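Participant: Just need the structure, nothing else, for what follows:
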Amino acid sequence: MELEELKTPCLVLDIERVRRNAERMAERVGAQGANLRPHVKTHKCVEVARLQTRGHNGAITVSTFAEARAFARQGFTDILYAVPVEPGKFDEAIELSRECESFSLITDDLEIPALLNERARRAGVSLDLFLKIDCGYHRCGVEPESAEALEIPRRILDSSNLRFRGILTHAGHSYHCRTKEELLALARHERDVMIEAAERLRSLNIPVPTISIGSTPTITHVDHLDGIDEARPGNYIFFDAFQATLGSCGFDDCALSVLSAVVHRDRARLKIVLDAGAIALSKDRGAVEFDPDCGYGLVLDLQGRDTGARIGALSQEHGEVLLSDEESFNRFRVGTRVRVLANHSCLTAAQHSHYNVLERGSIVDRWEIQRGW
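Facilitator: A predicted model of the protein is given here:
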């Protein structure tokens, strides 16, 4: 099937770029002595995860139980659910633990170990539990030098049906760095904070089996991972306009685009309207703090070349593009197909049911996306 034959809007996945991104990250993390546990929330797709885990232990990170169920059914047996667990999810976590060799949870709350242990004891299972550390993002996690950073592991270790798996963090604030030097400094900080936290615990005879870190910006810039056991980047498999602007990749590494059609032309305003709106693209402003004119996505031609146009406004099913001159306007007719490189591939992918897999200019397959919670 050719691109022009697809119904718009829809996702187009450049599989050659996906393979290249997977190989590069696996080589980078492996060469630095750590294990790769890719975060599959970016794509939510079993076929993509198999490319990411080719040649290693198959461990993955998920952000929803729907992802965990789907991947467990397809043979992924070492799964980390990387959102702090709360009591309403205990029963489902226990059921998932029965389907996996290891199904790990995370917490940053003093009360959770006792509550989770009692539920696990009644169910007759043992669960792996990480402590979430805040390395500066301030979204979730305990401060590394706080009393909770010592007490929570102790409570896990004192539990009959919980195993202390280690400490985990996520440097999400790396997305706000403006230079490669800032990214490197933050990546070093993420690594060093976690190594120091582990040393503090070990000095008190608290074993730390695993130190887990990772975001795409930090793992692509960090100078070494000495002392780190695993890395959990996710976005690297597709990248996106934000990552390219940030410097984590080049624009020719970006693997995901949204095929769209021109549905309206306004010559007086030099404006065209696409049938890809907020539902197809998400409303992520991406790199607006670095590039105020980035809009909601870059407009590419069918070959993936940048046309220079940007989506400036979105409504539910419409994307508005203001063009610079008559020559640019005349390139587009109603029905013209374009590919939109979205700002945030994770959010864009989650809007759709499947990928149309592009290889050497033709659509060769269709891969399902595991949505839901």
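
Participant: Could you give the number of residues near the closest residue to Leu281 other than its chain neighbours?
Facilitator: Nearest non-adjacent residue to Leu281, counting by CB to CB, 6 or more residues apart in numbering: Ala342, 5.2 Å away. (Each C-beta comes from the backbone N, C-alpha and C, glycine too.) By the criterion of other CB atoms under 10 Å, Ala342 has 29 neighbours.

Participant: What pLDDT is listed against Ala342?
Facilitator: Per-residue confidence for Ala342 comes out at a pLDDT of 89.

Participant: and the gap between it and Ile195?
Facilitator: Here Ala342 is placed at a distance of 36 Å from Ile195 (CB to CB, to the nearest Å).

Participant: what's the answer for Cys346, then?
Facilitator: The value you get for Cys346 to Ile195, if CB to CB is used, is 28 Å.

Participant: between the two, which one's more packed in?
Facilitator: Cys346 (22 against 17).

Participant: Identify the residues contacting the closest residue in space to that one that isn't next to it in sequence.
Facilitator: Excluding its sequence neighbours, the residue lying closest to Cys346 (CB to CB, 6+ apart) is Thr42, at 4.6 Å. Contacts for Thr42 (CB atoms under 8 Å, 6 or more residues apart in numbering) come out as 234-235, 237-238, 345-346, 349.

Participant: now, which of these sits nearest Ala26?
Facilitator: Nearest to Ala26 among these is Ile237, at 10.6 Å by CB to CB.

Participant: I figured that closest one hits Val48, correct?
Facilitator: Yes. Counting by CB atoms under 8 Å, Ile237 sits close enough to Val48 to count as a contact (6.2 Å).

Participant: can you give me the helices in the stretch 251-373 of the chain?
Facilitator: Listed in chain order, the helices of the stretch 251-373 of the chain (DSSP state H, counting those that start in this stretch) span 278-281, 326-329, 345-349.

Participant: count of neighbours near Lys283?
Facilitator: 13.

Participant: how far away is the residue nearest to it when sequence neighbours are not counted from Arg331?
Facilitator: Spatial nearest neighbour of Lys283, chain neighbours left out: Leu314 (6.0 Å); criterion: CB to CB, 6+ apart. Distance of Leu314 to Arg331, given as CB to CB: 21 Å.

Participant: ok, those two, which is more surrounded?
Facilitator: Neighbours were counted for Leu314 and for Arg331 using other CB under 10 Å; Leu314 has more, 21 against 14.

Participant: If that one is in a bridge, with which residues?
Facilitator: Per DSSP bridges, the residues bridged to Leu314 are Gly319.

Participant: Would you mind confirming that it makes contact with Gly277?
Facilitator: Yes. Contact status for Leu314 versus Gly277: in contact at 5.1 Å, counting by CB under 8 Å.

Participant: got any residues that touch both of those two?
Facilitator: Shared contacts of Leu314 and Gly277 (CB under 8 Å, 6+ apart): none.

Participant: and the host helix or strand of Leu105, what other elements does it pack with?
Facilitator: Following DSSP states H and E, the helix or strand that holds Leu105 is strand 102-107. Counting contacts by 3 or more CB pairs under 8 Å, 6 or more residues apart in numbering; DSSP states H and E, strand 102-107 packs against strand 78-84, helix 90-99, helix 112-123, strand 127-132.

Participant: what's the last one in contact with?
Facilitator: Counting by CB under 8 Å, 6+ apart, strand 127-132 makes contact with 80, 84, 93-94, 97, 102-108, 113, 116, 120, 140-142, 149, 152-153, 156, 161-169, 210, 212, all of which sit outside it.
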